[in-house]
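K.L.:
sequence-free structure coming up:
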DNA sequence: TTGGCTAAGTCTGTCAAGCAGACTTATCCT
DNA sequence: AGGATAAGTCTGCTTGACAGACTTAGCCAA
């Protein structure tokens, strides 16, 4: 193949964590759905109206996210209406916050809009802006270039090509 | 619509930062490509072999990421070969590190594999594991539930439905 | 100077997914 | 009984994914 072979070439992507996470999140509309839930929009018609997602696709994505444990259906009833269901984040869903905040942060930096950020993550207690930072277990906060993604204990060797 | 209307319903998603970021990242294969570059795999055939992405799709994604400023083509030459190009992350691309690390972190927590994590972000200087944390400007490190995504100064009102 | 080697693509036909818009369902109230 | 509403399902069209074959451009050896 090539003389300078990256170490990663020795390993399989079969059980890669990013792959497995993307099996769940890995499509444009799924992120739209998650955004709606994170900003507090929980109902089918509200999500659809705001995000423009096609009905069939919304149905599919909600079902998939429930099956994967990211959302749950929660009953509600408006006065004079029958009982219906809305969608809420589970703890697993809430723990996607860093992913969403990291995406917002990147977008604010590299795709700025006139007028400033349209959405902002804030700490409920103190009202300050929330961001994500990289931190190692020794307490350093490395720049991206100082971080390497290496094979871990669960890495599998790739089949001979 | 409903009695209890989430505030977010008043605002448009048209210029939403997450939408705009997903315009660039928003598909399964794009994340596969980014992962390869983050682990140091930079060449067309290497990326394709490891990730299984169809050629045509890989061509398309690489071109899109270059156009969006996330990657650049970089010439290289193996002995006895003609000059070719490999793909490298720009600064904008590197700054996606928190997004990738956040995804790995979530996957490790909620989709664990036997044998432990197959990939690990580590600090090059000290070798320790790197994670992402949420932090507000006052220095607190809030739990996900203590963070709210609110309308910012650039938020647009939605057209009357 | 021709012919083989290689990485990095392009091309072609098939098939699954996305999509818009119309229709259906299940209750509640009058 | 009839109308209202949220949350879907159904139908047919179109776009994109995909596998596999083919092409390109330079380098080298004979």
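P.N.:
Arrived safely. The model shown is predicted, which means the values in this text are computed figures rather than measured ones.

K.L.:
drop to CA atoms for contacts and neighbour counts, all remaining ones
P.N.:
Noted.

K.L.:
So the nearest residue to residue A:77 once chain neighbours are set aside versus DNA strand D, what's the distance?
P.N.:
Of all residues not flanking residue A:77 in the chain, residue A:83 sits nearest, at 4.6 Å (Cα to Cα, 6 or more residues apart in numbering or on different chains). Counting by Cα to the nearest atom of the strand, to the nearest Å, the gap from residue A:83 to DNA strand D is 9 Å.

K.L.:
Who are the contact partners of residue A:83?
P.N.:
A:75, A:76, A:77 (Cα atoms under 8 Å, 6 or more residues apart in numbering or on different chains).

K.L.:
And chain B, is the strand or helix carrying residue A:93 touching that?
P.N.:
Here residue A:93 is covered by helix A:91-94, with elements defined by DSSP states H and E. Yes - counting by Cα under 8 Å from any Cα of the partner chain, chain B is contacted by helix A:91-94 at A:92, A:94.

K.L.:
per-residue confidence averaged over that helix?
P.N.:
Across helix A:91-94, pLDDT averages out at 98.

K.L.:
residues of it that come out buried?
P.N.:
The neighbour-count check on helix A:91-94 (16 or more other Cα atoms under 10 Å in any protein chain shown) flags A:93, A:94 as buried.

K.L.:
Show me which residues of chain A sit near DNA strand D.
P.N.:
A:43, A:44, A:45, A:46, A:55, A:56, A:59, A:84, A:85, A:86 (Cα under 7 Å from any atom of the strand).

K.L.:
what's the farthest-apart pair in those residues?
P.N.:
A:56 and A:84 (18.4 Å; Cα to Cα).

K.L.:
the more surrounded of these two?
P.N.:
Using other Cα atoms under 10 Å in any protein chain shown as the criterion, residue A:56 and residue A:84 rank with residue A:84 on top: 12 against 8.

K.L.:
May I have the residues that are in contact with the more buried one?
P.N.:
A:75, A:76, A:77.

K.L.:
per-residue pLDDT, the last one?
P.N.:
The predicted local distance difference test score for residue A:77 is 95.

K.L.:
now the helices for chain A?
P.N.:
For chain A, helices defined by DSSP state H occupy the ranges A:17-25, A:28-38, A:44-51, A:55-67, A:91-94, A:97-110.

K.L.:
could you redo these as JSON lines and give each row distance to DNA strand C?
P.N.:
Formatted as JSON lines, the helices of chain A follow (distance: least, Cα to the nearest atom of the strand, whole Å):
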{"stretch": "helix A:17-25", "distance to DNA strand C": "12"}
{"stretch": "helix A:28-38", "distance to DNA strand C": "7"}
{"stretch": "helix A:44-51", "distance to DNA strand C": "10"}
{"stretch": "helix A:55-67", "distance to DNA strand C": "6"}
{"stretch": "helix A:91-94", "distance to DNA strand C": "20"}
{"stretch": "helix A:97-110", "distance to DNA strand C": "20"}
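
K.L.:
can you put the ones you listed in a markdown table and add distance to residue A:11?
P.N.:
Putting the helices of chain A into a markdown table (distance: least, Cα to Cα, whole Å) gives the following:
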| stretch | distance to residue A:11 |
| --- | --- |
| helix A:17-25 | 13 |
| helix A:28-38 | 28 |
| helix A:44-51 | 39 |
| helix A:55-67 | 29 |
| helix A:91-94 | 28 |
| helix A:97-110 | 25 |
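
K.L.:
Out of those, which is closest to residue B:33?
P.N.:
Shortest distance between residue B:33 and these, using Cα to Cα, is found for helix A:17-25: 10.7 Å.

K.L.:
check whether that closest one contacts chain B.
P.N.:
Yes - contact of helix A:17-25 with chain B (Cα under 8 Å from any Cα) involves A:17, A:18, A:19, A:20, A:21, A:22, A:23.

K.L.:
Got a ChimeraX select line for the buried ones in those?
P.N.:
Here is the ChimeraX selection string for the buried members of those, based on 16+ other Cα under 10 Å:
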select /A:17,18,19,20,21,22
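
K.L.:
which one of the residues of helix A:17-25 next to chain B sits closest to residue A:145?
P.N.:
Using Cα to Cα, these come closest to residue A:145 at residue A:18, 19.2 Å.

K.L.:
Okay, that closest one and residue B:100: tell me how far apart.
P.N.:
To residue B:100, residue A:18 is 8 Å away according to Cα to Cα, to the nearest Å.
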